[in-house]
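K.L.:
The sequence isn't on hand, but the structure is:
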């Protein structure tokens, strides 16, 4: 394995609210490798977008990164000065935001804004303008030479998102962070954007961090996935293994709630019981236990940590860890694959 290009260790981000302190990211640690496509998935409020913003110190007030390290090429980004981190943003690590309509300036042409991102990092104006046209062609915007003169409102939603991707690629970054880049798009355009990101990942070799709540997006683009819940990482591993054999009940629940075309006539749509916890007053023990159909007594009192529970897979679950520690055959581990017959029903204990 090559050395990680990004190492995140014990990252903690808090928001000071009138009701108290909300720890939106609570002890998150992971590695990102060169050229990798990593998915960070979870429900709204799980902390995935705040994690991405924390990496580049873009958390809005009243949020603060209060602990941890973000090591990029042996530099801790959390310790850099404002001028130093601005040199990293857009040049070495770029970010594509969820809503291009609010990210693009409505009174400036799209081409000007893409070229400006390059000029801010030292490119000459003529060179930046020429590369802008190349970038728009690369992200498959037709008639790129004329589109550079268009304002954002003159572009369709899909084209605006492609323009944001072009802006992110402007300085050939080593890492591209995409925060829900397909949420507001219809499924056809969504598929085109994902195909484009996958092609760019392979052609340019940039590592991609995909922030999403959509497990289908993860399956289509990513090679490895991190599952977050209530500010914690609850599972991590290769996409194929996690989709085939999830080791945390929350991951199992997410996969189980994906609508299946072959089952729609015979089954009701499934959902995860209950709601995500209030992070002002998080539950004791495992934060997922109030909603978990597999919970045992220890889940109510002790908070689990990420441990290796299967080959290349880590999970923070007492049920999975206890069974793995018995050194039983893999088939005897907690099988919480979608559709697997566990014999356990919501609300029951194993």
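P.N.:
Sure thing, it's come through. None of these values were measured; they are calculated from a predicted model. Numbers count the residues shown, from 1 in each chain.

K.L.:
Give the bridge partners for the residue nearest to the spatial centre of the chain, please.
P.N.:
Centroid-nearest residue in the chain, with C-alpha atoms, centre = their mean: residue 211, separated by 2.3 Å. Residue 211 has these beta-bridge partners by DSSP bridges: residue 40, residue 179.

K.L.:
ok, it to residue 164 distance?
P.N.:
14 Å (C-beta to C-beta, to the nearest Å). Just so you know, the C-beta spots here come from the backbone N, C-alpha and C atoms, and that holds for glycine as well.

K.L.:
Which helix runs longest in the chain?
P.N.:
Identified as the longest helix of the chain according to DSSP state H is helix 187-204.

K.L.:
in that one, what's buried?
P.N.:
189, 190, 192, 193, 194, 196, 197, 200, 201 (16 or more other C-beta atoms under 10 Å).

K.L.:
could those residues go into a markdown table alongside pLDDT and distance to residue 291?
P.N.:
Listed next are the buried residues of helix 187-204 as a markdown table, based on pLDDT from 0 to 100; distance: C-beta to C-beta, whole Å:
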| residue | pLDDT | distance to residue 291 |
| --- | --- | --- |
| 189 | 80 | 33 |
| 190 | 81 | 28 |
| 192 | 83 | 35 |
| 193 | 83 | 32 |
| 194 | 85 | 29 |
| 196 | 85 | 36 |
| 197 | 88 | 32 |
| 200 | 84 | 37 |
| 201 | 87 | 34 |
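
K.L.:
Now do the strands in this protein.
P.N.:
Secondary structure of the chain (DSSP state E): strands located at 6-17, 20-32, 37-41, 63-72, 75-76, 93-96, 175-179, 207-212, 224-229, 232-238, 307-310, 313-315.

K.L.:
Off-centre distance for the longest helix of the chain?
P.N.:
Here helix 187-204 is found 16 Å from its chain centre; the criterion is C-alpha atoms, centre = their mean, to the nearest Å.

K.L.:
Which elements pack onto that helix?
P.N.:
Under the contact definition 3 or more C-beta pairs under 8 Å, 6 or more residues apart in numbering; DSSP states H and E, helix 187-204 sits against helix 157-169, strand 207-212, helix 215-221.

K.L.:
helices or strands up against the last one?
P.N.:
In this structure, helix 215-221 makes packing contacts with strand 37-41, helix 187-204, strand 207-212, helix 239-244, judged by 3+ C-beta pairs under 8 Å, 6+ apart.

K.L.:
Equivalent analysis for the shortest one, please.
P.N.:
Packed against strand 207-212 by the contact rule (3+ C-beta pairs under 8 Å, 6+ apart) you find strand 37-41, helix 48-55, strand 175-179, helix 187-204, helix 215-221.

K.L.:
which other residues reach the last one?
P.N.:
With C-beta atoms under 8 Å, 6 or more residues apart in numbering as the contact definition, helix 215-221 has outside contacts at 37, 39, 41, 182, 190-191, 194, 197-198, 201, 208, 210, 212, 225, 239, 243, 254-255, 258.

K.L.:
I'd guessed residue 177 sits against residue 94; true?
P.N.:
Yes. Here residue 177 reaches residue 94: they are 7.1 Å apart, a contact under C-beta atoms under 8 Å.

K.L.:
Please list all residues in contact with residue 179.
P.N.:
Residue 179 neighbours (C-beta under 8 Å, 6+ apart): 49, 52, 53, 95, 96, 97, 98, 211.

K.L.:
Show me which of these are buried.
P.N.:
49, 52, 53, 95, 96, 97, 98, 211.

K.L.:
Of those, which one scores lowest on pLDDT?
P.N.:
Minimum pLDDT for these is recorded at residue 98 (79).

K.L.:
mind checking which of the helices and strands packed on helix 187-204 is nearest residue 31?
P.N.:
strand 207-212 (10.5 Å; C-beta to C-beta).

K.L.:
how close does residue 141 get to residue 216?
P.N.:
Residue 141 is 25 Å from residue 216, by C-beta to C-beta.

K.L.:
higher neighbour count, the two?
P.N.:
When neighbours are counted by other C-beta atoms under 10 Å, residue 141 and residue 216 differ, and residue 141 comes out ahead with 23 against 14.

K.L.:
how about the more buried one, phi and psi?
P.N.:
phi -90, psi 120 (degrees, to the nearest 10).

K.L.:
Tell me where the model's unsure across the chain.
P.N.:
1, 184, 260-267, 324-350 (pLDDT under 70).

K.L.:
Let me see the domain layout of it.
P.N.:
Structurally, the chain divides into domains by automatic domain parsing as follows: 6-222, 229-262+271-332.

K.L.:
Show me the one of the helices and strands packed on strand 207-212 that comes nearest residue 279.
P.N.:
The nearest among the helices and strands packed on strand 207-212, by C-beta to C-beta, is helix 48-55 at 10.8 Å.
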